[in-house]
Every structure is written in C-alpha cells, then in structure tokens.
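Visitor: below are the sequence and a predicted model for it; my questions follow.
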Amino acid sequence: MPRLVLIKHSLPLIEPEIPAPKWRLSPEGERRCAALAERLEPYRLDRLFSSEEPKAVETAAILADRLEIPLERVPDLHEHLRYRVAFGTPDSFQASVARFFEQPERLIFGEETAGQAHRRFSLAVENLISKYPDENLGVVSHGTVISLFVARANGLDPFELWNRLELPSFAVLSASDLKLEVIEDRVV
C-alpha cells in the first residue's frame, strides 16, 4: 500500500529581521538531516517533493541525495502565508498559532486563514497522490500546514499536533485514505 510521508523541515537559522519564509537551514539543521534520512529509509520513498521555501528545499535536497531519489519543488506546499508577521517572542507566536487553529476561517495573523492554508496544501498533496498513485511519496513542508492536513484527515487537534512536531519530524499516512500510521515527532 503506497504511503505519504509528510516531513517537517529541519532546524533553520532564525533571523528575526528576515521573514521566516526566507530562512535557511542552520548548520545544526543540516546535521539533523542525516539522522532524518536514516529514519526515512524504511519507508522506501520513490519521490520527494518540497515547498519552495529555502529551509524546506535545503532539507529536501539533503534527503534526496542521501536516499537517492528524485526531488521536485512544488508550488502551494509552502507554510501558512505570514510574510508580514514579526517574529516576536516564542510565547506570543505560540498564542497566535493557537488562535489560528481555533478559528480556521478567520484571518488571525499573516495573509491567509487556516482554512485557506489547508485547502491550498491539500489540493497540492492530492494532486501529487493522483499523479503517482502507486508510489511512496515524501513531501518536505512546514509544521502548520502539515498539522492542519494530518489533523483534519484523522480527527486530531491541530494545535496539539503542531506542538509535538519538532525540527525535523514526520508523519506517515496511507496514501489511499490519509489515515495516520506513524508520527515521528522527534528525530534527533
């Protein structure tokens, strides 16, 4: 049975003066990708897809090289749009994300609602599954959209899932019905 593995990118270099969608991997994030690749080997991924954000692309490139599989960047796999959101404090960010998940059709912060982010990401993932129905697919993306997708498909609390997913981490789903099989919330 084909699987869909949703992979949260590795640890970025946090630069508060630069919008988060432009952050790149930190040296520690690059190192963590080796352990991530080892943990992904048993899932025998046939293809890897990535958000176009640098931290996701860099994570995916390291994984594709180590796993010796093709990689493709795909529009609409990016994080919840929030280019104009200041980094702030960890507590204020956490509170904003909690409200974002609690009120999915209300614009809480950033440029799209949770509902809009979920619809965009879901359509992109469903298109990949339709295009490669008999293959194990990996998608390197971001915590908020992965949490929305997995939680809605499996009746979970998205905020709790978002809090669980470390940098990097992944969730394994059946590609046919999107049922959650495994969450590896801490790779290193």
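Guide: Nice, I can see it.
Visitor: now the end-to-end length of stretch 102-117.
Guide: Here the two ends of stretch 102-117 are set 14 Å apart, with distance taken as CA to CA, to the nearest Å.
Visitor: right, I mislabeled it, should have said stretch 152-166
Guide: With CA to CA as the measure, stretch 152-166 spans 20 Å from end to end.
Visitor: mind listing the strands for this structure?
Guide: Here the chain has its strands, by DSSP state E, at 3-8, 47-50, 71-73, 137-141, 169-174, 180-184.
Visitor: give me the contacts around the third one.
Guide: Okay, so that is strand 71-73. Contact with strand 71-73 is made by 47-52, 57, 60-61, 63-64, as judged by CB atoms under 8 Å, 6 or more residues apart in numbering. All C-beta spots, glycine's among them, are computed from the backbone N, C-alpha and C.
Visitor: follow-up on the earlier one: any idea which of the strands of the chain gets closest to residue 84?
Guide: Among the strands of the chain, the nearest to residue 84 by CB to CB is strand 137-141 (20.8 Å).
Visitor: chain center to the helix or strand of the chain with the lowest mean pLDDT: distance?
Guide: Counting by mean pLDDT, DSSP states H and E, the weakest-scoring helix or strand in the chain turns out to be helix 90-102, with a mean of 93. How far helix 90-102 lies from its chain's middle: 17 Å, per CA atoms, centre = their mean, to the nearest Å.
Visitor: what's the answer for stretch 33-50, then?
Guide: Mean-position distance between stretch 33-50 and its chain equals 14 Å (CA atoms, centre = their mean).
Visitor: what residues of it count as buried?
Guide: 33, 36-37, 40, 43, 45-50 (16 or more other CB atoms under 10 Å).
Visitor: now stretch 137-157
Guide: 137-153.
Visitor: in JSON lines: the buried residues of stretch 33-50, plus distance to residue 119 and pLDDT.
Guide: Formatted as JSON lines, those follow (distance: CB to CB, whole Å; pLDDT from 0 to 100):
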{"residue": "33", "distance to residue 119": "30", "pLDDT": "98"}
{"residue": "36", "distance to residue 119": "28", "pLDDT": "98"}
{"residue": "37", "distance to residue 119": "31", "pLDDT": "98"}
{"residue": "40", "distance to residue 119": "27", "pLDDT": "98"}
{"residue": "43", "distance to residue 119": "27", "pLDDT": "98"}
{"residue": "45", "distance to residue 119": "25", "pLDDT": "98"}
{"residue": "46", "distance to residue 119": "26", "pLDDT": "98"}
{"residue": "47", "distance to residue 119": "23", "pLDDT": "98"}
{"residue": "48", "distance to residue 119": "23", "pLDDT": "98"}
{"residue": "49", "distance to residue 119": "18", "pLDDT": "99"}
{"residue": "50", "distance to residue 119": "20", "pLDDT": "98"}
